[in-house]
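Participant: coords please:
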Amino acid sequence: MRVYNGPHSERASNRPPWAKYIPWVFAGATILGQIVWILVSGDSRVVLTTVTVTTFFLASLSHAYLRRGLGWTLSFFSITLVFGWLIEVLGTLTQFPFGDYAYSDKLGVALLGVPILIPMAWSMMGYPVMLATQRMAATPLATAFIGGWLLASWDLFLDPMMVGEGYWTWNELGWVLPGIPDIPLQNFLGWLLSSIVLAFLLNLLPRKVANDAVPNTLLIWIYVSNVIAAGIFFGEIGVALWGGIAMGLFMFAWVWRIWSQPRW
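Facilitator: Purely as a prediction, here's the structure:
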């Protein structure tokens, strides 16, 4: 079901005219913070990790609220936060589906061993990924697979970077992808399985058509910046290739779609 929720549907809203810029402020802070993250080291990176996850989360949350309404926003972020936390608790307690891993204390406050920033990260990225996926897929199964693939391929960039910072570690590796030696293959397969389930659940929410320039900008930024950061700044050519190709399988098709068929 598609429900129009564009600007003309909000004429009766009491929101001040500057409210529409709030998601852009958080998005800009996210991009700036991630640029600075690459240039600093040590404790500064820990602080910036917390800041950028929070601003990205708030960019997604505020955009959803302004463009899709309170009820939809509460549903979406409740699902992603609870799912992200539960799957990580399951993972750390049972080694399924991601393998034998554990979090350090660098990411701050944790609940049952899972830092609260982790479900926020699932949630913040789930929002632009699902909006992009719904521009490409119409059926529930296609949406679940493409959304799951996009979210899981993001982890090809994320995990090597975060493990390098000591935010979490694996106690056993087993099979690994060539060029990504420190992350077990099971982790990426677990991400794919988990992300497909999450995308399927999120697709049960009504599809609301709106101006998605903010989440679109963040998704493009995440893709381009991670390829550049991995390949150039960190010298992780394998990470850049695996992540760039895997995520690019659908990113380029989506970019063509939003460029050739703009909504505004």
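Participant: continuing past the longest strand along the chain, what's the next helix or strand?
Facilitator: Using DSSP state E, we find that the single longest strand of the chain is strand 180-184. Downstream of strand 180-184, the first helix or strand assigned by DSSP states H and E is helix 185-202.
Participant: list the buried ones in the helix or strand following that next one?
Facilitator: Sequence-wise, the next helix or strand beyond helix 185-202 is strand 207-209, with elements assigned using DSSP H and E. Judged by neighbour count (16 or more other C-beta atoms under 10 Å), strand 207-209 contains these buried residues: 207, 208. Just so you know, the C-beta spots here come from the backbone N, C-alpha and C atoms, and that holds for glycine as well.
Participant: how near is residue 195 to residue 205?
Facilitator: Residue 195 sits 16 Å away from residue 205, taking C-beta to C-beta, to the nearest Å as the criterion.
Participant: so between the two, which is more surrounded?
Facilitator: residue 195 (27 against 16; other C-beta atoms under 10 Å).
Participant: so the more buried one touches residue 148, yeah?
Facilitator: Yes. The criterion here is C-beta atoms under 8 Å, and residue 195 meets it with residue 148 at 3.8 Å.
Participant: need the strands for the stretch 151-264 of the chain, in chain order.
Facilitator: 168-170, 176-177, 180-184, 207-209 (DSSP state E, counting those that start in this stretch).
Participant: now those strands in a markdown table, with distance to residue 52 and mean pLDDT?
Facilitator: As requested, the strands of the stretch 151-264 of the chain are exported to a markdown table (distance: least, C-beta to C-beta, whole Å; pLDDT from 0 to 100):
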| stretch | distance to residue 52 | mean pLDDT |
| --- | --- | --- |
| strand 168-170 | 17 | 94 |
| strand 176-177 | 26 | 96 |
| strand 180-184 | 21 | 95 |
| strand 207-209 | 27 | 93 |
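Participant: residue 262: which of those strands is closest?
Facilitator: Nearest of these to residue 262, taken as C-beta to C-beta: strand 207-209 at 12.1 Å.
Participant: pull up the pairing partners for that closest one, direction included.
Facilitator: strand 2-4 (parallel) (DSSP bridges).
Participant: tell me the helix or strand right after the strand it pairs with.
Facilitator: Counting by DSSP H and E, the next helix or strand C-terminal to strand 2-4 is helix 22-39.
Participant: quick check: buried residues in that following helix?
Facilitator: Result for helix 22-39 [16+ other C-beta under 10 Å]: buried residues 22, 23, 26, 27, 29, 30, 31, 33, 34, 37, 38.
Participant: who's in contact with the residue nearest to residue 114 when sequence neighbours are not counted?
Facilitator: Spatial nearest neighbour of residue 114, chain neighbours left out: residue 88 (4.4 Å); criterion: C-beta to C-beta, 6 or more residues apart in numbering. Contacts for residue 88 were tallied using C-beta atoms under 8 Å, 6 or more residues apart in numbering; they are 114, 118, 119.
Participant: give me that answer again for 10 Å
Facilitator: Applying C-beta atoms under 10 Å, 6 or more residues apart in numbering to residue 88 gives the contacts 98, 101, 103, 110-115, 118-119, 121-122, 168, 194.
Participant: list the contacts of the residue nearest the centre of the chain.
Facilitator: Closest to where the C-alpha atoms of the chain average out (C-alpha atoms, centre = their mean) is residue 125, at 1.9 Å. Neighbouring residues of residue 125 by C-beta under 10 Å, 6+ apart: 53, 56-57, 60, 80, 84, 150-151, 154-155, 158, 195, 215, 218-219, 222.
Participant: one more time with 6 Å, if that's ok
Facilitator: Taking C-beta atoms under 6 Å, 6 or more residues apart in numbering, we find residue 125 in contact with residue 154.
Participant: check which helix or strand it maps to.
Facilitator: Per DSSP H and E, residue 125 falls inside helix 117-136.
Participant: how far off helix 185-202 does that helix point, in degrees?
Facilitator: Per axes from the mean of the first three to the mean of the last three C-alpha atoms, to 10 degrees, the angle that helix 117-136 makes with helix 185-202 is 60 degrees.
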